[in-house]
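Visitor: Sequence and predicted structure below; questions after.
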There are 2 protein chains.
Amino acid sequence: MKQPQGEARYRRRAVKVEEAMRLVLEAAVPGRRELVPLRQAAGRRLAEAITATTDWPPFARSGLDGFAVRSADTASASPSTPATLRVVSSVAAGELASAAVAPGTAVRIMTGGPVPPGADAVVMLEQTADAWDEGLPAVHVKRAAEPGQNIAPRGEEFRCGSVIAEPGTRLRPGHVALLGTFGYADVPVYARPRVAVLATGAELLPVEAALAPGCIRDSNSAMVAALVEQCGGEALVLARVPDEPEATARALAEALALSDLIITTGGVSVGDYDVIASLLRGIEPTAGATESPSLPHTAAATGEAPAFMPAGIAPLQAQQSVSATGEAPAFMPAGTAPLPEPALPQASRLLFNKVAMRPGSPTSAAVIDGKLLLALSGNPGACFVGFELFAKPAIQRLQGAGANESLPKQVTAKLASPFEKGSPHERFVRTRLFSREGMLYADPLAFGKSSMMASIPEADGLIRLKASPEGTPADTIVDIILL
Amino acid sequence: MKQPQGEARYRRRAVKVEEAMRLVLEAAVPGRRELVPLRQAAGRRLAEAITATTDWPPFARSGLDGFAVRSADTASASPSTPATLRVVSSVAAGELASAAVAPGTAVRIMTGGPVPPGADAVVMLEQTADAWDEGLPAVHVKRAAEPGQNIAPRGEEFRCGSVIAEPGTRLRPGHVALLGTFGYADVPVYARPRVAVLATGAELLPVEAALAPGCIRDSNSAMVAALVEQCGGEALVLARVPDEPEATARALAEALALSDLIITTGGVSVGDYDVIASLLRGIEPTAGATESPSLPHTAAATGEAPAFMPAGIAPLQAQQSVSATGEAPAFMPAGTAPLPEPALPQASRLLFNKVAMRPGSPTSAAVIDGKLLLALSGNPGACFVGFELFAKPAIQRLQGAGANESLPKQVTAKLASPFEKGSPHERFVRTRLFSREGMLYADPLAFGKSSMMASIPEADGLIRLKASPEGTPADTIVDIILL
């Protein structure tokens, strides 16, 4: 796929966000399974359906402390004429009663104790009084008991064999309680996907380095690793790579060997050194380049506005970056050869290299040797949005979540203040959420430009604003992706 | 504090939920601090304020790929009469330009590159065209550039020294990005509180055991451990203890030595074997028992309805469980002596042993040797509610969260269906939340009885229903504690 460098870099077909999500989820196949001890199961996703191994409760249980009685014995009880029942036994939780409840008798019972044979109701301790009946211990019951009162019958919550959670379910503390109840000391779950995190960019310094002129520290790797682990993945942070195709290809090969999913940041745009974009061009699946290698492909030719093109500006890419003589692009710094088309494994296919959204339109995805590569923008804000839209669903799916359940969780809310800026594509705006009288409000956060980080920690959600030449007025009902 | 067993067990003053939360938070003092590598900082809480160590951005950065220009040079540019600027240099991210932008010139610049001296605007690559000027590389700019366009000026987001996060802040992935940006390779955080989890109950089997008659498996320990870790604590699950004061006192001593906070489940009610309740009576701070040891204290005497008492039923406890002759309570199983008053360390004080709420009214709390003990109900549903209301705030506070920030996060929602049951105290009902046209709805979950587990994993929140003799109609605006 040798092709001129400058020509192809703009020839990107933007896919809609939903379509991009679909493509990513199709490529993310649930993977390895393992058994983990119950104590480590919370947050993991089930690899198999879990069933009740017994009726639950396993026996009729008393819901409180009191007396097990035959309700018929109390039918005419009142405070002035209490029923007097001989107390024949006592049963604590963990015990069985030594005697059944025969007519005219009662058994003292504690919370959780098995209701003895013969009894069909439990009377709360506080509604009884000690008594003596012919010198033997007895109890006064001052009100008629309803049959079944304060008894949890066997199987009330679960029948033996019924499914308590389906494969793919993310285990919450409440599931852990159920698993414990039904004796699952070990739990079959999907393994945590190993996610390689690779930052590209010649300007990136390690976090511990002093700043150098023109350079910044790599903050995306640590942020993405934290996001990966938040949604159940295991992050493998690889060293940063400069904008060099050979080094990047080597790092990707290493990532492929180590991981189930690769997330890169940076290098996806249209710059001369956008190495990931360059790599992905090598596996572009559309036939355009090989069918008509000499034709300048422009955004106009495909009927699509380029990502960063305000309305009313004619696309100019065809003339740009490659001269008419096929020379290398002008303005390469001295000593830097143009990027050669780097080699990715044969079994690679591009899923998309542009998404109709702001920020993060150059977000790209491919399948390389059967593994998903998500190439996020290097701009922290765009990187964050790309992660929530594509990486998080992929990581959920790799853990066995259903395709629909893997998608971002959305609610609707009312826009608390206007968002003035229009956008040719769907826009994702960081927001803080609050509720008032049951209505959920979304307040767009300042400092939301894609390069900006300041508002990322404050965001509870992302407002999805539809493409519109104008902004969006306050009080509009908008979709919100919950973070 | 030797006192008759049966007499004191009902003498409990119910505190309101808010008061109980306040007492718990007062007793939870933020603890140990440590430095952790940035990669492990997400989810932890800051022990010190974090400040920007440099202006951010540290230099004027280009927001996209294009040309750095002097905007004045483009003032009269139009598609028909473009400005032609000589391209004198190129600057990638991580580099510095080798030339300043003099009048009539431009510098090719990549996303993130430092804007060279002289330039005050960046023109998007797609809005330019390659050109030649007297045989030298040049660029056509077809539209006037606004001063400052596509440039993030130095310090736009942060000024050096400004606070980016206060102590107690829970670090989210966005904070991790900021910490990386400002060179925090290690981060000062509060240590994860060590939380001992101790289940009481003679009926409890380990999870791996086969069921025995009258017994159930201990599901609370694993559930509570999962909840502890979900909110940042480190759970130490101790072996189950039977309902014996000596064994329980020993286990509590072990827990005190190992942990920053102790959570027990079970044994807090009014039954004959409620060992935790019995232990806490030994440190009851009110003088009632010693002042008038021979007087039967009843709920009526304190003007307060007992926890499980339906309206209209007179309290009967005074006569119950201790005979007029001061004998041991009747109906103890053969071979089991009445519980002696067990000993807790002298430096202990009870915070409360009853809360005006459903479920979980016997939920109790104490401070023992300076450490907080939270005694939750053994009923899984009540245990879960008690954890969310008291244990989670305590664990947040131990990690340095502010007292208000430690409280459960609340929103308002509209009740989607009526809740028929009234309650003499505030009631917490598990609910699923959904939104429609911006309105948040809370749908109470079935299987919500305090003994029931089935709905715990499904719950997104707890509806707080005010005390009311009737139920609560649909469409009522209710407070929701988010889970």
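Guide: Received, thanks.
Visitor: can you pull the contacts of A:G386?
Guide: Taking CB atoms under 8 Å, 6 or more residues apart in numbering or on different chains as the contact definition, A:G386 lies against A:G360, A:T363, A:L374, A:L376, A:S377. Using the backbone N, CA and C atoms, a C-beta is placed for each residue, glycine as well.
Visitor: Mind checking what secondary structure A:L256 has?
Guide: When the structure is split into helix, strand and coil by DSSP: H, G, I helix; E, B strand; the rest coil, A:L256 lands in helix.
Visitor: and it, how many neighbours?
Guide: Here the number of neighbours of A:L256 (other CB atoms under 10 Å in any protein chain shown) works out to 18.
Visitor: For chain B, see how far away it is.
Guide: Distance from A:L256 to chain B, counting by CB to the nearest CB, to the nearest Å: 22 Å.
Visitor: who touches that residue in this structure?
Guide: Applying CB under 8 Å, 6+ apart, the residues contacting A:L256 are A:I262, A:P345, A:I368, A:D369, A:K371.
Visitor: For the buried ones among the residues you listed, write the corresponding ChimeraX selection.
Guide: The following ChimeraX line selects those of the contacts of A:L256 that are buried, judged by 16 or more other CB atoms under 10 Å in any protein chain shown:
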select /A:262,368,371
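Visitor: Take the contacts of A:L256 and write them to a markdown table, including distance to chain B.
Guide: Below are the contacts of A:L256 laid out as a markdown table (distance: CB to the nearest CB, whole Å):
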| residue | distance to chain B |
| --- | --- |
| A:I262 | 18 |
| A:P345 | 28 |
| A:I368 | 24 |
| A:D369 | 27 |
| A:K371 | 23 |
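Visitor: Enumerate the positions of the helix or strand hosting A:A249 that are buried.
Guide: When elements are assigned from DSSP states H and E, A:A249 belongs to helix A:245-258. Along helix A:245-258, these residues count as buried under the neighbour rule (16+ other CB under 10 Å): A:P245, A:A247, A:T248, A:A249, A:A251, A:L252, A:E254, A:A255, A:L256.
Visitor: do stretch A:425-444 as well
Guide: A:425-431, A:433, A:435, A:438-444.
Visitor: among those, which are in reach of chain B?
Guide: Filtering the buried residues of stretch A:425-444 for proximity to chain B (criterion: CB under 8 Å from any CB of the partner chain) leaves A:S435, A:G438, A:M439, A:L440, A:Y441.
Visitor: so which two of these are the farthest from each other?
Guide: Of all pairs drawn from these, the one with the longest distance (CB to CB) is A:G438 and A:Y441, at 10.9 Å.
Visitor: Just to confirm, what's the three-state secondary structure of A:V176?
Guide: Here A:V176 takes the helix state, with states given by three-state DSSP.
Visitor: so it makes contact with A:R44?
Guide: No - with contact defined as CB atoms under 8 Å, A:V176 and A:R44 do not form a contacting pair (10.1 Å).
Visitor: Please identify which of these two sits among more neighbours.
Guide: A:V176 (29 against 22).
Visitor: which stretches of chain A have low pLDDT?
Guide: Within chain A, the set of residues satisfying pLDDT under 70 comprises A:1-10, A:284-343, A:346, A:447-448.
Visitor: What are the contacting residues of the lengthiest strand in it?
Guide: Under DSSP state E, the strand in chain A containing the largest number of residues is strand A:426-436. Strand A:426-436 is contacted by residues A:16-17, A:356-360, A:381, A:385, A:389, A:413, A:416, A:419, A:421, A:440-445, A:448, A:455-456, A:458-467, A:480-481, B:411-413, B:440 when judged by CB under 8 Å, 6+ apart.
Visitor: where does the residue in the stretch 1-150 of chain A positioned nearest to chain B fall, helix, sheet strand or coil?
Guide: Nearest to chain B in the stretch 1-150 of chain A, going by CB to the nearest CB, is A:G94, at a distance of 3.1 Å. Of the three states, A:G94 takes coil under three-state DSSP.
Visitor: Tell me how far it lies from A:T111.
Guide: A:G94 sits at a distance of 11 Å from A:T111 (criterion: CB to CB, to the nearest Å).
Visitor: could you pull out the strands for the stretch 151-300 of chain A?
Guide: Remark: strands assigned in the stretch 151-300 of chain A by DSSP state E, counting those that start in this stretch are A:151-152, A:163-165, A:186-190, A:194-199, A:204-205, A:216-217, A:234-237, A:261-265.
Visitor: Kindly reformat those strands as CSV containing distance to A:R143.
Guide: Listed next are the strands of the stretch 151-300 of chain A as CSV, based on distance: least, CB to CB, whole Å:
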stretch, distance to A:R143
strand A:151-152, 16
strand A:163-165, 37
strand A:186-190, 46
strand A:194-199, 62
strand A:204-205, 76
strand A:216-217, 73
strand A:234-237, 59
strand A:261-265, 64
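Visitor: ok so, going back, same list, the buried residues of helix A:245-258, but as JSON lines with distance to A:R154 please.
Guide: As requested, the buried residues of helix A:245-258 are exported to JSON lines (distance: CB to CB, whole Å):
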{"residue": "A:P245", "distance to A:R154": "68"}
{"residue": "A:A247", "distance to A:R154": "66"}
{"residue": "A:T248", "distance to A:R154": "63"}
{"residue": "A:A249", "distance to A:R154": "64"}
{"residue": "A:A251", "distance to A:R154": "60"}
{"residue": "A:L252", "distance to A:R154": "58"}
{"residue": "A:E254", "distance to A:R154": "57"}
{"residue": "A:A255", "distance to A:R154": "54"}
{"residue": "A:L256", "distance to A:R154": "54"}
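Visitor: quick one: which of those residues is nearest A:V69?
Guide: Among these, and counting by CB to CB, the member closest to A:V69 is A:A255, at 69.2 Å.
Visitor: Now that closest one: closest residue in space, sequence neighbours ignored.
Guide: Residue nearest to A:A255 in three dimensions, not counting chain neighbours: A:A196, with 3.6 Å by CB to CB, 6 or more residues apart in numbering or on different chains.
Visitor: Kindly report the same for A:R12.
Guide: Excluding the flanking residues, the one nearest A:R12 by CB to CB, 6+ apart is A:K354, at 3.9 Å.
Visitor: Let me see the ranges of the helices in chain A.
Guide: Counting by DSSP state H, chain A forms helices over residues A:5-8, A:17-27, A:173-181, A:220-230, A:245-258, A:275-281, A:288-291, A:380-386, A:392-398, A:403-406, given from the N-terminal end onward.
Visitor: among the ones you listed, which is nearest B:R143?
Guide: From the helices of chain A, taking CB to CB, the stretch that ends up closest is helix A:5-8, at 21.8 Å.
Visitor: What is the burial count for A:E244?
Guide: Tallying neighbours of A:E244 according to other CB under 10 Å, which is how burial is gauged here, yields 17.
Visitor: Can you tell me, leaving aside adjacent residues, what's nearest to it?
Guide: Among residues not flanking A:E244 along the chain, A:V275 sits closest, at 6.7 Å (CB to CB, 6+ apart).
Visitor: Just give the number of residues close to the one you found.
Guide: Taking other CB under 10 Å as the neighbour definition, A:V275 ends up with a count of 26.
Visitor: how far away is it from chain B?
Guide: As defined by CB to the nearest CB, A:V275 lies at a distance of 11 Å from chain B.
Visitor: what's the answer for A:E254, then?
Guide: According to CB to the nearest CB, A:E254 stands 18 Å off from chain B.
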